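# Dropping a prediction and its sequence here:
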Amino acid sequence: MCGGEGTRLRPLTFERPKPCIPIVNRPSIQHLVSHLSNLGFRDVVITLGYMGESIREALGDGSLFGADITYVHEKVKLGTAGSVKNAQKYLEEGDFLVVGGDHVTDLNLLDFYREHARHPAPVSIGLISIDEPGEYGIAEIDADFQIKRFKEKPAPGEIFSNLASTGIYVCAPEIFDEIPQKKKYDFARDLFPSLMESGQVLRAWLARGNWTDVGNPASLRQAERWKLQEIPYTSISGDLTIRAGQIQGPVQLGTSFSMGENSRIIGPVAIGAGTAIGDHVLIGPYTSIGENCLVKSNAKIFSSSLYNRVVVGRNSTVSGSIIDNDTVVGDDCSLENDTVIGPRVVFRNGVVVHSRTRIWPEVVVPDRAVVKEHLLNEEYAVKYEGS
């Protein structure tokens, strides 16, 4: 399911759908389809909504990922269950797995599918224990893994379980009889309560491993951290120029990479093609840098995501930040933890950006400014809550 606008991740989703946000320099949907294909899920149906063509461009026909992909366009928003109903003709032959297109996971979903086959039900729901379940649907289960109660986004005092729905389901084709045609209808809000009220049994599968739905910048950074940890060793694509620098792996380096004198990279780190690092630069663990970026002398980057063609000025520090394409950070700047910077932003020299701040596309921040709150651009939508 790839229909949402990703408003909670703005400004990163103004020019790309949420499944195309880069994680270790690849659209996140590529990681997901590769994982599913490696498990044996080769026939993939993708429901498209917001900026769906970008997803088609990222995946093509699926052959590069060992999958055969069919696309179904959603002309109006139909909700999670409604969007699956819209693809019904491709899903009627047997049980099928439903996964959000913005998910990043290493869960063994083949085990989930097989468990559902051993214990048939209209729907089996993948559950995972989390610390803050209030933002998710939660379930109460018994010793037979039957779901006794389900509550979507419970308020304080209603959180009877920390087992949160991953939004990953295995469904029997008969659920299509319960979902109205061409009407907005959700799995958690509508279908599950309806099935339980009619006396049908929903089953649970307890997930073990890493999972996130990349719903906010913090979960996006966590997802990238997982993927960087999967880098097995240092790999270099093409030519490399280093002058008295040091690389401690694991590190992925693209072609035409260069690094100046006495600079250091401490992995896990991924750096794209054509990127240049100046002298006396320190790049710390859990950092990804895209293609054709420039990091000038004496800069420091820690646990951050820089997309393509980003410039970081001399003596500047970037910590725990996400910086979109074509942004320029001036000299002597400091971007603090959990900042999210949109595309084509310009920071003049000596700027300080406080933690948990977002800056909209094409904003120009003047010399020595101290940014303590979000800087919006009225030429773009200003909402950043919701889906």
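Arrived safely.
# contacts, neighbours, all on C-alpha from now
OK.
# which residues of the stretch 101-250 of the chain fall in helices?
109-118, 192-197, 217-229 (DSSP state H, counting those that start in this stretch).
# most neighbours per residue, which of those helices?
By mean neighbour count, with neighbours taken as mean count of other Cα atoms under 10 Å, helix 217-229 ranks first of the helices of the stretch 101-250 of the chain at a mean of 19.
# What is the neighbour count of residue 20?
25 (other Cα atoms under 10 Å).
# Run through the residues that contact it.
26, 27, 28, 29, 54, 55, 58 (Cα atoms under 8 Å, 6 or more residues apart in numbering).
# Which of these are buried, as a ChimeraX select command?
A single ChimeraX command is used to select the members of the contacts of residue 20 judged buried by 16 or more other Cα atoms under 10 Å:
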select :27,28,29,54,55,58
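# before we move on, back to that, out of the helices of the stretch 101-250 of the chain, nearest to residue 364?
helix 217-229 (21.9 Å; Cα to Cα).
# in the stretch 101-250 of the chain, what spans have low per-residue confidence?
Scanning the stretch 101-250 of the chain with the threshold set as pLDDT under 70 gives no residue ranges.
# returning to what we had before: rebuild the helices of the stretch 101-250 of the chain as JSON lines, extending it with distance to residue 237.
Below are those laid out as JSON lines (distance: least, Cα to Cα, whole Å):
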{"stretch": "helix 109-118", "distance to residue 237": "32"}
{"stretch": "helix 192-197", "distance to residue 237": "49"}
{"stretch": "helix 217-229", "distance to residue 237": "17"}
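# Grab the most central residue of the protein for me.
For the chain, residue 214 is the residue whose C-alpha lies nearest the centre (Cα atoms, centre = their mean; 3.8 Å).
# Give me the phi and psi angles of it.
phi 50, psi 50 (degrees, to the nearest 10).
# Could you check the angle the strand ranked longest in the chain makes with helix 109-118?
Longest strand in the chain by number of residues (criterion: DSSP state E): strand 163-171. Orientation check (axes from the mean of the first three to the mean of the last three Cα atoms, to 10 degrees): strand 163-171 against helix 109-118 gives 70 degrees.
# Only C-alpha atoms, please: export strand 163-171 in CSV.
The C-alpha atoms that make up strand 163-171 are tabulated as CSV, following Å, rounded to 0.1, in the frame of the first residue of the first chain:
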residue,chain,number,x,y,z
LEU,A,163,1.3,-5.2,21.5
ALA,A,164,1.0,-2.8,18.6
SER,A,165,-0.3,-3.6,15.2
THR,A,166,2.5,-3.4,12.6
GLY,A,167,0.0,-2.8,9.9
ILE,A,168,1.1,-6.1,8.3
TYR,A,169,-1.7,-8.6,7.8
VAL,A,170,-2.3,-12.0,6.1
CYS,A,171,-5.8,-12.0,4.7
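# helices or strands up against it?
strand 96-98, helix 109-118, strand 123-129, strand 137-141 (3 or more Cα pairs under 8 Å, 6 or more residues apart in numbering; DSSP states H and E).
# so which of those comes closest to residue 167?
Closest among those, using Cα to Cα: strand 123-129, at 7.0 Å.
# what lines up beside that closest one in the sheet?
Strand 123-129 sits in its sheet next to strand 163-171 (antiparallel), strand 203-206 (parallel), going by DSSP bridges.
# Can you show me the CA trace of it as PDB?
These are the backbone C-alpha positions of strand 123-129, laid out as PDB (Å, rounded to 0.1, in the frame of the first residue of the first chain):
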ATOM      1  CA  VAL A 123      -7.200 -11.900   9.000                       C
ATOM      2  CA  SER A 124      -4.100 -12.500  11.000                       C
ATOM      3  CA  ILE A 125      -2.400  -9.400  12.400                       C
ATOM      4  CA  GLY A 126       1.300  -9.000  13.000                       C
ATOM      5  CA  LEU A 127       1.900  -7.500  16.400                       C
ATOM      6  CA  ILE A 128       5.100  -6.200  18.000                       C
ATOM      7  CA  SER A 129       5.900  -5.000  21.500                       C
END
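# Now the terminal residues of stretch 261-277, how far apart.
One end of stretch 261-277 to the other measures 9 Å (Cα to Cα, to the nearest Å).
# again with stretch 186-194
End to end - Cα to Cα - stretch 186-194 spans 11 Å.
# Show residues contacting that stretch.
Contacts for stretch 186-194 (Cα under 8 Å, 6+ apart): 79, 80, 81, 82, 137, 150, 152, 178, 179, 185, 202.
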